[in-house]
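Q: Here is my input, please return the structure:
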Amino acid sequence: MERSHILVVDDEKDILELISYNLAKSGYRVTSVTTGEEALEKVRSDRPDLVVLDLMLPGLDGLDVCRILTNDPTTANVPILMLTARGEDADVVTGLELGAQDYVTKPFSPRVLLARVRVLLRRQGGAQEDTEPTAVLKRGRLVIDPRRREVRVGDTLIDLTYTEFSLLHFLARRPGWVFTRSQIIGAVHGDEYPVTERSVDVQIVGLRRKLGPSGDLIETVRGVGYRFKE
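A: This is a model prediction of the structure:
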């Protein structure tokens, strides 16, 4: 079986070596570069299966690289895992809205990074949630049936509004993925829907209350948005 190819982009030598070593040890083929310009060149010459991208780069920074890759039809489907420093919430939000799939905050555990890499590669390799959106989803006691638009917790049928169901189904189809409030609005209502981001918080509060203990499956990512627990 062919090994997945991962491009690592970071200008800090120690971090670059740490990431590259752990990825290679886990069986991945790894290419490492230190600048945004090199990253773009490598993606186009030897397309990777995933890019681990530091946002703070000299010259062309990570957000610029993310924007260029996601706007190019030939590279738009390459998943991007961002590396950020603590307190860079605004950059995380921007990166996610530009098309990055997830992020890891420095300092990070190599085990956490590897787990995120595996999740993104698994999704990219043919996620059921994208090819079979009508499939019944089961997460513990929570069961989501898109065809019937029904949600059950154990044997109890949960009465959800159209928006609450759509929001829950959207998040549950992509466990572990972080979404900003504006991304959630766009997915549930469409980009032009006149809803404030605060309304997403209100919907989440109501949804969690209705789901009871299963509401804990919806995690708040402080300063960014929400994700469904893996």
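
Q: Let me see the backbone angles for residue 156.
A: As for residue 156, its main-chain torsions (degrees, to the nearest 10) stand at phi -100, psi 120.

Q: beta partners of it?
A: Bridge pairing for residue 156 (DSSP bridges) gives the partners residue 153.

Q: Check it and give its pLDDT.
A: Looking at residue 156, its pLDDT is 95.

Q: same thing with residue 230?
A: Per-residue pLDDT puts residue 230 at 82.

Q: burial of it, as a residue count?
A: Per other Cβ atoms under 10 Å, the neighbour tally for residue 230 reads 13. Using the backbone N, CA and C atoms, a C-beta is placed for each residue, glycine as well.

Q: Can you give me the distance of it to residue 59?
A: The gap separating residue 230 from residue 59 is 35 Å, by Cβ to Cβ, to the nearest Å.

Q: Residue 19 contacts residue 10, doesn't it?
A: Yes - if you go by Cβ atoms under 8 Å, residue 19 and residue 10 touch, sitting 6.9 Å apart.

Q: Give the residues shared as contacts by those two.
A: Residues touching both residue 19 and residue 10 (Cβ atoms under 8 Å, 6 or more residues apart in numbering): 32, 52.

Q: Check which element follows the worst-scoring helix or strand of the chain on mean pLDDT along the chain.
A: Using mean pLDDT, DSSP states H and E, the weakest-scoring helix or strand in the chain turns out to be helix 128-131, at a mean of 43. Later in the chain than helix 128-131, the nearest helix or strand by DSSP states H and E is strand 137-139.

Q: what's in contact with the helix or strand following that next one?
A: Of the helices and strands lying after strand 137-139 in sequence (DSSP H and E), the nearest is strand 142-145. Around strand 142-145, the neighbours that count as contacts under Cβ under 8 Å, 6+ apart are 136-138, 150-153, 168-169, 172, 211, 214, 217.

Q: Which of those sits closest to residue 6?
A: Distance to residue 6 across the contacts of strand 142-145 (Cβ to Cβ) is lowest for residue 172, with 27.1 Å.

Q: Now do the same contact list for that closest one.
A: 137, 139, 142, 144, 217, 228.
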